[in-house]
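Chemist: Sequence plus the predicted model coming up.
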Amino acid sequence: MSVALTVVGSINLDLVARVAVLPRPGETVAGTSFERFPGGKGANQAVAAAKLGARVRMIGAVGVDALADEALAGLRSAGVELALERIGTTGIALILVAADGENQIVVVPGANAEVRPQSPGGAVLCQLEVPDAVVAEAARGADFFALNAAPARPVDLEPDLLIVNRLEQEVVSRGKLVAVTYGAEGAALFERGREIARAQPPRVKAVDGTAAGDAFAACLVISLLEGRLRDDALTRACAAGALTASRLGAQPSLPVAEELEAILVS
């Protein structure tokens, strides 16, 4: 029986330009390609969880413009149940991706800033690309509440699971369980400040790290909801993030369950 998860968060359209190296402040560089992908941290994590076999519901907002259907394409393709509001303009992410996989991202939130607070109950995964009131209401009444605190800002709640990278941890560190990612160095899981698990990602050639953190977050949440041991859940999450970083684009790069199992035994 697959686990059920509600994701409350952002839905964007990603505009992605590839460059040899990222520009410095004030510098103009030539791009090598340009593509459009469905994105947004909330939508990415919803698609990632669905691809791994979970039954997923997405609560969010898109605009009444021509970009909305394009932004929703990945969610629909993954079979995610949609509970949407339509208001204003669809969120946009402007993304530069360098040849080594590093990126720079600017997000214009659009409709994501207008999401109506809701308390869906059950297992809930949220991020910080929506207003604080939305995050607080999503946590209220949840049987299990996971927060990927990105982009990082102080929040007045203690999730069951907090997911942050090493820089975000400097801003948000309170959670019953805290997962900290360290890029190519892997990740660690802490309980009451004590490290209880650590994992390394499999070696891959980095192509685009845009949604690697989203794949990690979704896979960790799903693995814990499935009742897996914590070190196993963390190992699986690192592998999902690595697979995602080895491919271009946000949602198109997210692995399905069979790919994850294959890299774990390779």
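Modeler: Right, received. Where do you want to start? Values in this document were obtained by computation on a predicted structure and should not be read as measured data.

Chemist: And the helices in the protein?
Modeler: 41-51, 68-77, 132-139, 212-225, 230-245, 257-265 (DSSP state H).

Chemist: for those helices, which one sits closest to G101?
Modeler: Smallest distance to G101 across the helices of the chain (Cβ to Cβ): 6.2 Å, for helix 230-245. To be clear about C-beta, it is placed using only N, CA and C from the backbone, and glycine gets the same treatment.

Chemist: now the closest one, how far from the chain's geometric center?
Modeler: 13 Å (Cα atoms, centre = their mean, to the nearest Å).

Chemist: and if you look at stretch 76-89?
Modeler: 16 Å.

Chemist: same check, this time on stretch 180-193
Modeler: For stretch 180-193, the distance to the chain centre is 16 Å (Cα atoms, centre = their mean).

Chemist: again, but for stretch 158-174
Modeler: 14 Å.

Chemist: Could you list the low-pLDDT ranges of this structure?
Modeler: 1 (pLDDT under 70).

Chemist: can you pull the contacts of G60?
Modeler: By Cβ atoms under 8 Å, 6 or more residues apart in numbering, G60 lies in contact with 8-11, 40, 42-43, 83-85, 112, 115, 130.

Chemist: how many other residues sit next to the residue nearest to it when sequence neighbours are not counted?
Modeler: Nearest in space to G60, with sequence neighbours left out and distances taken as Cβ to Cβ, 6 or more residues apart in numbering, is I11 at 4.6 Å. Other residues near I11 come to 33 when the count uses other Cβ atoms under 10 Å.

Chemist: Next one: I11 relative to L72, how far apart?
Modeler: I11 sits 7 Å away from L72, going by Cβ to Cβ, to the nearest Å.

Chemist: my guess is the residue nearest to G60 meets G40, correct?
Modeler: Yes. Here I11 lies in contact with G40, judged by Cβ atoms under 8 Å, at a distance of 4.4 Å.

Chemist: Find the residues that touch each one of those two.
Modeler: G60, A71, G91, N112.

Chemist: got a list of what R18 touches?
Modeler: Counting by Cβ under 8 Å, 6+ apart, R18 has contacts G31, T32, S33, F34, L96, V97, A98, A99, L248.

Chemist: Got a ChimeraX select line for the buried ones in those residues?
Modeler: Burial among these is assessed by 16 or more other Cβ atoms under 10 Å; the matching ChimeraX selection reads:
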select :96,97,98,248
